[in-house]
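>>> Below: sequence and its predicted model.
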Amino acid sequence: MTKIYGEAETKVTALDNVSFSIKKGEFVLIVGSSGSGKSTLLNMIGLLDKPTQGKVLVDGFDTSNLTDNEISAFRNEKLGFVFQFSNLLADLTVLENVLLPSQIQLDSPTDDKAKEVLEKVGLSDQLFKRANKISGGQAQRAAIARGLVNNPTVVLADEPTGNLDSVTAKNIVELMKRMARDLGQTFIVVTHDRSQFGEVDRIITIKDGRAFEGEYQTEMEVVV
Ligand SMILES: Nc1ncnc2c1ncn2[C@@H]1O[C@H](COP(=O)(O)OP(=O)(O)OP(=O)(O)O)[C@@H](O)[C@H]1O
Ligand SMILES: [Mg+2]
């Protein structure tokens with residue numbers, strides 16, 4: 001994929017011929033300095049924006065010919081999202097928040113399914129609390145539950161620990177890694193702070209819009 005923003009003197013090549021595939025169940029970290037193109041990459045994979053060139057295949061399915069409506073439906077069914085801020089609706093309960101985004105699906109998850117996922121993230125005792133009455137770490141747990149509730153093909157997380165203190169961040173990292181292991185859930189996680197994540201299946205470094213396999217690589221090494 002290539003992604004170019006703007007044109008002429010404002011032109012920015014945010015992604016430059018990036019190509020790789022991720023296996024089912026892999027926990028993949030995307031690292032790179034600020035402005036390198038990490039969020040751009042995640043937004044393309046998440047079908048939140050379209051590449052200038054190239055395409056995204058999910059479960060072998062070419063998403064490039066979908067209409068906007070089809071993209072929304074596909075995203076709801078196949079993808080889970082976790083962002084830096086949990087974006088919970090303050091007046092709704094934890095349980096309602098987890099169910100909300102998937103409510104528009106034909107085959108939307110049930111209350112029981114949401115409760116099951118909330119139990120996995122350690123929030124069984126917070127189901128009926130309003131989102132504005134829980135801590136930042138609990139809110140991010142709820143956001144992860146929301147990202148998992150539709151059994152997505154892949155969970156995409158952009159700086160999921162970026163707004164948390166280091167202890168809470170470590171817990172959230174452990175939670176995501178445990179979900180990956182226990183559920184065989186594929187994760188693609190963008191982070192500034194590689195050290196928070198310890199051992200992961202795979203690291204892709206983005207540097208000036210280009211992707212490299214592994215961390216701290218130079219351009220002498222493998223381009224993916
Ligand atoms: N909507 C946009 N319009 C124009 N340029 C953009 C847009 N979004 C990102 N860019 C540019 O594309 C490049 C990559 O940005 P991106 O947000 O993907 O970086 P990042 O690696 O996520 O950075 P950070 O770590 O700060 O979040 C930057 O030069 C940025 O200024
Ligand atoms: Mg970013």
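Yep, that arrived. Ligands and ions are numbered 1, 2, ... in the order given.
>>> in what helix or strand does the residue nearest the centre of the chain lie?
Per CA atoms, centre = their mean, the C-alpha nearest to the average position across the chain is that of residue 156, at 1.4 Å. Here residue 156, judged by DSSP states H and E, is contained in strand 154-158.
>>> ok, residues contacting the next helix-or-strand element following that strand?
Following the chain from strand 154-158 toward its C-terminal end, the next helix or strand by DSSP H and E is helix 166-183. For helix 166-183, the external contacting residues (CB atoms under 8 Å, 6 or more residues apart in numbering) are 25, 27, 120-122, 135-137, 140-141, 144, 148, 155, 157, 160-161, 164, 185-187, 189, 193, 196-198, 200. Any C-beta I mention is one placed from the backbone N, CA and C, and that applies to glycine too.
>>> quick one: which of these sit in strands?
For the contacts of helix 166-183, the ones inside strands are 27, 155, 157, 186, 187, 189, with DSSP state E as the criterion.
>>> Can I get the residues you listed in TSV including distance to residue 94 and pLDDT?
TSV is the format used below for those (distance: CB to CB, whole Å; pLDDT from 0 to 100):
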residue	distance to residue 94	pLDDT
27	25	97
155	18	97
157	19	97
186	25	97
187	22	98
189	23	98
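>>> about what we covered before: ligand 1 versus the residue nearest to the centre of the chain, what's the distance?
Using CB to the nearest ligand atom, to the nearest Å, we find residue 156 at a distance of 13 Å from ligand 1.
>>> Just give the nearest non-adjacent residue to that residue, would you?
Closest residue in space to residue 156, ignoring its immediate chain neighbours: residue 46 at 4.8 Å, by CB to CB, 6 or more residues apart in numbering.
>>> my guess is that neighbour meets residue 82, correct?
No. Shown here, residue 46 and residue 82 do not form a contact pair, counting by CB atoms under 8 Å, at 10.8 Å.
>>> So for these two, which sits in the more crowded spot?
Neighbour count, other CB atoms under 10 Å: between residue 46 and residue 82, residue 82 has more, with 24 against 19.
>>> who's that one bridged to?
Using DSSP bridges, the beta-bridge partners of residue 82 come out as residue 157.
>>> what number of residues lie near the nearest residue to residue 121 once chain neighbours are set aside?
For residue 121, ignoring the flanking residues on the chain, the nearest one in space by CB to CB, 6+ apart is residue 141 at 4.3 Å. Neighbourhood size, residue 141 [other CB under 10 Å]: 24.
>>> tell me the pLDDT at residue 141?
Each residue has a pLDDT score; the one for residue 141 is 94.
>>> mind checking how far the closest residue to residue 50 other than its chain neighbours is from ligand 1?
Beyond its immediate neighbours in the sequence, the residue positioned closest to residue 50 (CB to CB, 6+ apart) is residue 44, lying 7.4 Å away. The span separating residue 44 from ligand 1 equals 10 Å under the rule CB to the nearest ligand atom.
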